[in-house]
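K.L.:
any chance you can model this:
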Amino acid sequence: MLTTLTPDALVASVLAVPPLARNADYSLNDAENTKIIRHIEAGGIRTLLYGGNANFYHIPLSEYDQVLAYLGQAAGPDTLVIPSAGPAYGLSIDQAKIIRKHKFPTVMLLPQVGITTSKGVAAGVERFVQAAGVPALLYIKHDGYIEPEDVGPLAEKKLISGIKYATVRNDADTKADPYLHKLLGYVDKKIVISGIGEQPAIVHVDGFKLGGFTSGCICVAPNLSRKMLVALRAGDIGEADRIRGIFRGLEDLRNAINPIRVLHEAVRLAGIANTGPLTPLLTNAPEADHARIREAATKLLAADKA
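P.N.:
Take a look at the predicted model:
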């Protein structure tokens, strides 16, 4: 695992956002998680971001040290691993004490929905960074969570390593996006990462010149996602759009059912690893949806291997 971080290293690869495999009793399944990591690394991906797809929102504090210890030793020596903390402020401060025991160069702060103010979020980020001893990867998922003018000082003081920007908008609004335009007036666009997978990545990376993008479906098709980023950086938008279309089948199912639940099953049904049960407060996708998920996942995996 990489233990140092530069802005270039953060976006050197697509940021894979894997699920976290569990045993039937909800305990961590090291062997199956290692299968997922190796599959992603075999596709040339060197950044693993454990957040929503890994259900870090509901991870027990009593398990946190064990999970971080596993992630720190499971990845290859040139792979960047970014765990998450939060979303509640109090939980993140308790997690920060555990983070200090490990060597992760940055940690993503999960966004707290409700009972927040913009300046309160900024203060929470600063206090978390002071407690953890590493900069935070800021996750912006909703308008009103934190205003661009409050993000600017966090970047200036090097309290954040980057920003995962994942506010979902329709196609027209994605291209316009006044919030993103304003945000880029306060921070270097290279540290802002498109956080919603392959579908908006062309607009974000080619149009807004963001540093890179995250992906969940990359856990099925790492080669294709990597090639899409290569095409974007080479200015080959036609090729990037062609690859994006290959991901659409599984992405449409994730949007229609639930992004986390569908990806969790897709990795299992494609035969990559047995992801097991999702921990509460989530549940696995119903069996009635499995046939559609299996079809989309196996088709995507076959395209990745072609």
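
K.L.:
wait, what's in contact with D188?
P.N.:
Going by C-beta atoms under 8 Å, 6 or more residues apart in numbering, D188 touches P7, A155. For the C-beta atoms, the positions are set from N, CA and C on the backbone; glycine is no exception.

K.L.:
also the one 3 residues further on?
P.N.:
Each residue near I191 by C-beta under 8 Å, 6+ apart is listed here: P7, L10, A155, I160, S161, G162, I163, G211.

K.L.:
which among the residues you listed gets closest to A131?
P.N.:
Among the contacts of I191, I160 lies closest to A131 (C-beta to C-beta), at 14.9 Å.

K.L.:
from N170, how far off is the closest one?
P.N.:
Separation of I160 from N170 (C-beta to C-beta, to the nearest Å) stands at 28 Å.

K.L.:
cool, T116 as well?
P.N.:
Per C-beta to C-beta, T116 is found 25 Å from N170.

K.L.:
looking at these two now, which is surrounded by more residues?
P.N.:
The residue with more neighbours, out of T116 and N170, is T116; 17 against 7, by other C-beta atoms under 10 Å.

K.L.:
quick one: contacts for T275?
P.N.:
Counted by C-beta under 8 Å, 6+ apart, T275 has contacts P19, L20, A21, R22, E32, I36, H264, E265, V267, R268.

K.L.:
could you redo the last one with a cut-off of 10 Å?
P.N.:
With contacts defined as C-beta atoms under 10 Å, 6 or more residues apart in numbering, T275 is in contact with 18-22, 29, 32-33, 35-36, 219, 263-269, 284.

K.L.:
name the residues that touch stretch 224-240?
P.N.:
11-16, 40, 43-46, 197-198, 201-202, 204-207, 212-219, 221, 241-244, 246-247, 300-301, 303-306.

K.L.:
give me the buried positions along it.
P.N.:
Neighbour-count burial for stretch 224-240, counted by 16 or more other C-beta atoms under 10 Å, picks out L224, S225, R226, K227, M228, L229, A231, L232, D236, A240.

K.L.:
again, but for stretch 250-257
P.N.:
Neighbour-count burial for stretch 250-257, counted by 16+ other C-beta under 10 Å, picks out L250, E251, L253, R254, I257.

K.L.:
just how off-centre is it within its chain?
P.N.:
17 Å (C-alpha atoms, centre = their mean, to the nearest Å).

K.L.:
how about stretch 65-78?
P.N.:
On C-alpha atoms, centre = their mean, the centre of stretch 65-78 falls 16 Å from the chain's centre.

K.L.:
still on that earlier bit, including neighbour count, could the contacts of I191 go into TSV?
P.N.:
TSV is the format used below for those (neighbours: other C-beta atoms under 10 Å):
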residue	neighbour count
P7	13
L10	22
A155	19
I160	21
S161	23
G162	27
I163	25
G211	21
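
K.L.:
of these, which belong to strands?
P.N.:
I160, S161, G162, I163 (DSSP state E).

K.L.:
relative to D289, which of these is nearest.
P.N.:
Closest approach between these and D289, by C-beta to C-beta: I163, at 32.8 Å.

K.L.:
hmm, back to that, nearest to K141 among the buried residues of stretch 224-240?
P.N.:
S225 (20.6 Å).

K.L.:
what's the closest non-adjacent residue to the closest one?
P.N.:
In space, and not counting its chain neighbours, S225 is closest to I218: 3.9 Å by C-beta to C-beta, 6 or more residues apart in numbering.

K.L.:
next up, the contacts around that neighbour.
P.N.:
Contacts for I218 (C-beta under 10 Å, 6+ apart) come out as 13-18, 39-40, 43, 45, 47, 197-198, 224-226, 228-229, 247, 263, 304.

K.L.:
one more time with 7 Å, if that's ok
P.N.:
V14, A16, I40, I45, S225 (C-beta atoms under 7 Å, 6 or more residues apart in numbering).

K.L.:
one step back: for the buried residues of stretch 224-240, which one is nearest S62?
P.N.:
S225 (34.1 Å).

K.L.:
kind regards, and thank you for your time.
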